[in-house]
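> just coords:
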Ligand SMILES: [Zn+2]
Ligand SMILES: [Zn+2]
């Protein structure tokens, strides 16, 4: 079994300390090595002036182009949406090459609450682990405590754990062995 090395790609004005911090707990959860690439600007074509948000589908398509080597998790500060949804915390290709998360709505400041670095880190870890789970082929889990449970709201994110439940953990191992 050869675990892939996953690139964390900061998009825009990225919080590099947070990305650096993510490497270790992500490695513990996924069993893969992580590297951080140099920050890049977001593609202008992904911005919707009407919504003041970026379209995560367009960003994922751009990340699929030749200039990047997968697997790849992009970390954006800006707010993301996906067609048909008001916003998304993240999006990933199921069993694919590219995934993205946004830190915008994970930050208490987004809701005019005082900064809470620990809470932001925990939420970022949950969303990153969740999208990487999809990237390796895991689907949503009915267990509300599992990191693969769907987060419709931030309350869902805060309620769930940053770990895979036993069943998802076993599935993930099997999926990684098939790579
Ligand atoms: Zn999901
Ligand atoms: Zn699960």
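Now that the structure is in, tell me what you want to look at. Keep in mind that what you see is a predicted model, and the values were worked out from it rather than measured. Ligands and ions are numbered 1, 2, ... in the order given.
> endpoint to endpoint, stretch 34-51 covers what distance?
With Cα to Cα, to the nearest Å as the measure, the first residue of stretch 34-51 is 33 Å from its last.
> could you do stretch 104-122 as well?
Stretch 104-122 end-to-end distance (Cα to Cα) = 14 Å.
> buried set for it?
Using 16 or more other Cβ atoms under 10 Å as the test for burial, stretch 104-122 gives 104, 105, 106, 107, 120, 121, 122. Backbone N, C-alpha and C define where each C-beta goes, glycine included.
> so which of the residues you listed sit within helices?
Among the buried residues of stretch 104-122, the members found in helices (DSSP state H) are 120, 121, 122.
> ok, the second one touching residue 21?
So the one you mean is residue 121. Yes - using Cβ atoms under 8 Å, residue 121 is in contact with residue 21, at 6.1 Å.
> out of the ones in helices among the buried residues of stretch 104-122, which are close to ligand 2?
Filtering those for neighbours of ligand 2 using Cβ under 5 Å from the ion leaves an empty set.
> pipe those into TSV and attach pLDDT and distance to residue 32 per row.
Shown next, in TSV, are these (pLDDT from 0 to 100; distance: Cβ to Cβ, whole Å):
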residue	pLDDT	distance to residue 32
120	97	23
121	97	19
122	98	20
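> from these, pick the one nearest ligand 2.
Taking Cβ to the ion as the measure, ligand 2 lies nearest residue 122 of these, at 17.8 Å.
> now the closest residue to the closest one other than its chain neighbours: how far from residue 74?
With Cβ to Cβ, 6 or more residues apart in numbering as the criterion, residue 122 has its nearest non-adjacent residue at 6.5 Å, and that residue is residue 162. From residue 162 across to residue 74, the span is 19 Å (Cβ to Cβ, to the nearest Å).
> coming back round to it: number of nearby residues for the residue nearest to residue 122?
20 (other Cβ atoms under 10 Å).
> got it, and the one 10 residues further on?
Using other Cβ under 10 Å as the criterion, residue 172 is surrounded by 20 other residues.
> what of the one 3 residues further on?
For residue 175, the count of nearby residues is 15 (other Cβ under 10 Å).
> what does residue 33 give?
Neighbours of residue 33 under the rule other Cβ under 10 Å: 12.
> before we move on, the earlier item: TSV for the buried residues of stretch 104-122, including distance to residue 9?
Below are those laid out as TSV (distance: Cβ to Cβ, whole Å):
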residue	distance to residue 9
104	16
105	19
106	17
107	19
120	19
121	19
122	21
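> and which of those is nearest residue 36?
Nearest to residue 36 out of these is residue 121 (Cβ to Cβ; 15.5 Å).
> just checking, residue 90 touches residue 127?
Yes - in terms of Cβ under 8 Å, residue 90 counts as a neighbour of residue 127; the distance is 5.0 Å.
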